[in-house]
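1. Have a look at this fold, sequence not included:
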C-alpha cells in the first residue's frame, strides 16, 4: 500500500520544484520531506526524482507515479468530504458520450440532482472507449457508452442508428480516389467502423480531419472536408445523409449500453433507472 502522506510530500516536491518549498506546503522540515521521498522510493523500488542542485524534477518513473498520486490524494479528499457531511448519500460518477450530452439529458440530470440534495453528481463526457476503460478500472460508477452489438453486460442497451454523412452544400465526390474521413482519434468505435466498411468494400481512404470534439467533427463535415459517421442525434441540418445508393450502406453493428459498476450504490442504481427510462423514450422517438 502506498502511504498517502508520502505521496502528498512527493506531489508537493514536484509542484514546488524543491524540498524546502515543499516542506512549507506540507508543514514539514526539509530533512523530513527528504526522508519521506527516500521511503517512497524504497517502497516502489526505483528513484522518483532527479536532484540537480536546487532543481528537482521527476524521473520517468516519477512522472508515471505522479498522475496516480494526484488521483489517490483527490479520492482520499473526496472520501473525507463525503463522510464529513451528516446524512450525505455520497457521490455518483457518471460518464456519457459527447453526442448524448444534449439539453434533454442535462435537464434530467439536473432534476435528479435537485431531488437528491445530499448526493453529489459528477458527470463527464468522453469517447466511449475511454468511458468503458474508466468504468472497468473503477473511476466511474455508471457509464452510458457506444459498443459493438453482442457484447455482454449492462443495465440496458439500445440499438444505435448511425449514418454516413457529408456536407449538404459542399458534398465530396467519392466516386473515385481516396475517401477523405473525418473522425475522432484512434479508439473511436465509429472511426473503426468507417475504416472497416471502406476496406471491406475495397475502397482506399485517408484521414482528412481528426478531432476529439464532436463540434469540430460536425463543423468539418458541414464545411465539406470529408465524410464521417454520426449518430442520428448528432446529424445537423447542414449535413446530408449518404445511403446505399451513394455507395455507403448504414452501419448497424453498434449499440448504446448503460453499464453500472459491480459495487454500484443504491443511489447509482436509482439514477440508472431514470437513465433507462430516458433512453427508452429517445429510442422510441427516433
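-> Arrived safely. The structure displayed is predicted, hence computed values, not measured ones.
2. Helices of this structure, start to end?
-> Per DSSP state H, the chain carries helices over the ranges 4-16, 19-26, 30-44, 60-83, 103-115, 128-136, 189-200, 214-223, 266-285.
3. Looking at the ones you listed, which is nearest to residue 121?
-> helix 103-115 (4.9 Å; Cβ to Cβ). Every residue, glycine included, has its C-beta placed from N, CA and C.
4. what angle separates the helix or strand of the chain with the lowest mean pLDDT from helix 4-16?
-> Here the helix or strand of the chain ranked lowest by mean pLDDT, DSSP states H and E is helix 19-26, holding a mean of 79. On the basis of axes from the mean of the first three to the mean of the last three Cα atoms, to 10 degrees, helix 19-26 is oriented at 120 degrees to helix 4-16.
5. Name the surrounding residues that touch helix 19-26.
-> 8-9, 12-13, 15-16, 28-30, 32-34, 37, 56 (Cβ atoms under 8 Å, 6 or more residues apart in numbering).
6. closest to residue 216 among the residues you listed?
-> Distance to residue 216, by Cβ to Cβ, is smallest for residue 15 among the contacts of helix 19-26, at 32.0 Å.
7. any idea how far residue 30 is from that closest one?
-> 16 Å (Cβ to Cβ, to the nearest Å).
8. Below-threshold pLDDT in the stretch 151-286 of the chain: ranges please.
-> Within the stretch 151-286 of the chain, the segments meeting pLDDT under 70 span 252, 285-286.
9. any idea of the mean pLDDT in stretch 54-68?
-> Across stretch 54-68, pLDDT averages out at 88.
10. got it, and stretch 108-127?
-> Mean predicted confidence for stretch 108-127 is 88.
11. what's the pLDDT at the closest residue to residue 62 other than its chain neighbours?
-> Distances taken as Cβ to Cβ, 6 or more residues apart in numbering put residue 48 closest to residue 62, at 3.8 Å, once the chain neighbours are dropped. In this prediction, residue 48 carries a pLDDT score of 92.
12. Check residue 81 too.
-> For residue 81, the model assigns a pLDDT of 68.
13. ok, now the one 10 residues further on?
-> What the model reports for residue 91 is a pLDDT of 86.
14. burial count for it?
-> 18 (other Cβ atoms under 10 Å).
15. Residue 148 now?
-> 12.
16. my read: it touches residue 257, true?
-> No. With contact defined as Cβ atoms under 8 Å, residue 148 does not count as touching residue 257 (9.9 Å).
17. residues touching the nearest residue to residue 228 once chain neighbours are set aside, list them.
-> Of all residues not flanking residue 228 in the chain, residue 182 sits nearest, at 4.0 Å (Cβ to Cβ, 6+ apart). By Cβ under 8 Å, 6+ apart, the contact set of residue 182 is 207-211, 217, 220-221, 225-228.
18. For residue 182, give the beta-bridge partners.
-> Beta bridges link residue 182 to residue 209, judged by DSSP bridges.
19. Return the set of residues that bridge with the residue nearest in space to the middle of the chain.
-> Ranked by distance to the mean C-alpha position of the chain (Cα atoms, centre = their mean), the top residue is residue 126 at 3.3 Å. In this structure, residue 126 bridges to residue 97 when assessed by DSSP bridges.
20. Can you report how many residues neighbour residue 222?
-> 19.
21. give the contact list for it.
-> 167-169, 236, 238-239.
22. Can you pull the phi/psi pair for the closest residue in space to residue 240 that isn't next to it in sequence?
-> Of all residues not flanking residue 240 in the chain, residue 168 sits nearest, at 4.4 Å (Cβ to Cβ, 6+ apart). The phi/psi pair for residue 168 (degrees, to the nearest 10) reads phi -70, psi -40.
23. Provide a list of residues in contact with residue 168.
-> By Cβ under 8 Å, 6+ apart, the contact set of residue 168 is 222, 237-240.
24. okay, these in TSV with distance to residue 270 next?
-> Formatted as TSV, the contacts of residue 168 follow (distance: Cβ to Cβ, whole Å):
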residue	distance to residue 270
222	39
237	37
238	39
239	37
240	41
